[in-house]
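[1] Fold the following, please.
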Amino acid sequence: MNLSYNTIFINGKAFNCLYAMSLKDLILYFDFDISTVIIEHNSNIISHCSFEKTFFKDQDNIEIITIVGGG
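    So this is what the prediction gives:
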């Protein structure tokens, strides 16, 4: 089986992801709660409704910011 990968950078660290992996797949792979993250993809904030439609190219930059509640 021949799998294609892209090397992307998540919070500055290299990560090899499958060519067909969407942003939603990536978030779930890392076990983040989709409703509590803000994602920046190549300096653009991505809305939650676009997570399934966002795919990566080699050398893309992703910043994942988690929202933490407290008091």
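[2] Phi, psi for Lys24 please.
    Phi and psi for Lys24, reported as degrees, to the nearest 10, are phi -60, psi -40.
[3] how near is it to Glu52?
    As judged by CB to CB, to the nearest Å, Lys24 and Glu52 stand 5 Å apart. Every residue, glycine included, has its C-beta placed from N, CA and C.
[4] Mind checking which of these two has more residues around it?
    A direct count of neighbours by other CB atoms under 10 Å for Lys24 and Glu52 places Lys24 higher, at 16 against 11.
[5] what kind of secondary structure is the closest residue in space to that one that isn't next to it in sequence in?
    With sequence-adjacent residues excluded and distances taken as CB to CB, 6 or more residues apart in numbering, Lys24 is closest to Phe51, at 4.0 Å. With DSSP: H, G, I helix; E, B strand; the rest coil as the basis, Phe51 sits in helix.
[6] so who does Phe51 touch?
    When the contact criterion is CB atoms under 8 Å, 6 or more residues apart in numbering, the partners of Phe51 are Ser22, Leu23, Lys24, Ile27, Ile34, Ile39.
[7] same check, this time on Thr36
    Each residue near Thr36 by CB under 8 Å, 6+ apart is listed here: Thr66, Ile67, Val68.
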